[in-house]
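J.: Give me the fold of what follows.
(2 chains)
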Amino acid sequence: MITLKTYARKEVYGSPTVAPTGKKVPSRNNKASAWQTKIFRGNISLTPLKTENTEGSLWPVKTEFINELHLKRGKVELSWPLRVDTVISGNYFIMSNEDLDVHSYGGTQEESQQNFREIFEEMLDLYVGSRTDELTGDAVRIKALFDRIIKQ
Amino acid sequence: MATAIDVIKESLSKKGFRQIEGGNHNKWFFYHNGKRTCAYIVFSRSSKMKDFDDSLLVAAKRELKLKTNGEVRDLWNCPMSQNDFIARLKEYGVLQANE
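T.: Residues are numbered from 1 along each chain as shown, chains lettered A, B, ... in the order given. From the prediction side, this is the model:
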């Protein structure tokens, strides 16, 4: 039942390539070229949900939208809600935000959440502290998002 | 199955990855033409974690911007060279073709 609900939700954001039944569904590809064009014109765009077209695609057991995070520096409000998907792989809870490219894992959900907050903060400091000319490719887009993610 | 983290780090360091110091997490980023890309991998600093479990390949392939678990293994083991990895990043739109 969970996978069916998840499948319906994912349809809103993009076509999955593998249905919960395991049957392959035609995909619209990963749209890399579409947003790549935007990046190098200097625009900021959120990455479309990348569909997994490989073995072992995992369906989120939980999708949440986060408006604030409790970091070491204190509670911060985010400029837009962060979509965070949690999947279970083996003995691990894996959490991911595709836009900011932050991923974490842990043996328990709490451990994964704690790691997510820590990695988010480390990536925030790293990207905000980097000059654009030190970065290449999609890292430029991610920096532009990190520069704006914390509500002033 | 699992791969020793020390073996992975040694392989990554030979293929253009550099460790970023600081923080609670051990972050390795791929550099191309002296610039940092968004391809990276994070290892836990926990002393308990000496091996990288195969069930974490799901996270690793997202971080490394690869598509399959096999590609991640190929990067860690020897089949995928640094140039092969760059070619994949260009193919997947992570790097521009002329970079």
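J.: so where do the strands sit in chain A?
T.: A:62-71, A:74-89, A:92-97, A:102-106 (DSSP state E).
J.: Go through these and pick out the most buried.
T.: Per residue and on average, the most neighbours among the strands of chain A fall to strand A:102-106, with a mean of 24 (mean count of other C-beta atoms under 10 Å in any protein chain shown). From N, CA and C alone the C-beta is placed, and that goes for glycine too.
J.: and it, C-alpha only, in PDB?
T.: What follows is strand A:102-106, C-alpha atoms only, in PDB (Å, rounded to 0.1, in the frame of the first residue of the first chain):
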ATOM      1  CA  VAL A 102      22.500  16.600   0.400                       C
ATOM      2  CA  HIS A 103      22.400  13.000   1.400                       C
ATOM      3  CA  SER A 104      22.800  11.200   4.700                       C
ATOM      4  CA  TYR A 105      22.400   7.800   6.100                       C
ATOM      5  CA  GLY A 106      22.200   6.200   9.500                       C
END
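J.: ok so, going back, mind putting the strands of chain A into CSV with mean pLDDT?
T.: Output for the strands of chain A, formatted as CSV (pLDDT from 0 to 100):
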stretch, mean pLDDT
strand A:62-71, 91
strand A:74-89, 93
strand A:92-97, 93
strand A:102-106, 93
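J.: Nearest to B:S44, out of these?
T.: Ranking the strands of chain A by proximity to B:S44 (C-beta to C-beta) places strand A:102-106 first, at 8.3 Å.
J.: And A:F93, how close does it get to chain B?
T.: 10 Å (C-beta to the nearest C-beta, to the nearest Å).
J.: quick one on the thing from earlier: figure out which of the strands of chain A is closest to B:A39.
T.: If you check each of the strands of chain A against B:A39 by C-beta to C-beta, strand A:102-106 wins as the nearest, at 12.3 Å.
J.: Enumerate the residues of chain B near chain A.
T.: B:20, B:22-25, B:27, B:32-33, B:35-38, B:42, B:44, B:53-56, B:58-59, B:61-63, B:65, B:67-69, B:89, B:92-96, B:99 (C-beta under 8 Å from any C-beta of the partner chain).
J.: Selecting buried members of those residues in PyMOL, what would you type?
T.: Typed into PyMOL, the next command selects the buried ones out of the residues of chain B next to chain A (criterion: 16 or more other C-beta atoms under 10 Å in any protein chain shown):
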select buried, chain B and resi 20+23+25+27+32+35+36+37+38+42+44+54+55+56+58+59+61+62+63+65+67+69+89+92+93+94+95
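J.: Identify whichever of the strands of chain A lies nearest to A:E134.
T.: That would be strand A:102-106 among the strands of chain A, by C-beta to C-beta, at 19.5 Å.
J.: ok, that closest one: who's next to it in the sheet?
T.: Using DSSP bridges, the strands paired with strand A:102-106 are strand A:92-97 (antiparallel).
J.: got the angle between the strand it pairs with and strand A:74-89?
T.: 130 degrees (axes from the mean of the first three to the mean of the last three C-alpha atoms, to 10 degrees).
J.: Name the residues that touch strand A:92-97?
T.: Residues from elsewhere that reach strand A:92-97 (C-beta atoms under 8 Å, 6 or more residues apart in numbering or on different chains): A:58, A:82-88, A:102-109, A:111-113, A:115-116, A:120, B:53, B:55-56, B:58-59, B:62.
J.: if we can go back for a sec, generate TSV for the strands of chain A, with distance to A:L145 as supplementary columns.
T.: Listed next are the strands of chain A as TSV, based on distance: least, C-beta to C-beta, whole Å:
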stretch	distance to A:L145
strand A:62-71	14
strand A:74-89	9
strand A:92-97	10
strand A:102-106	11
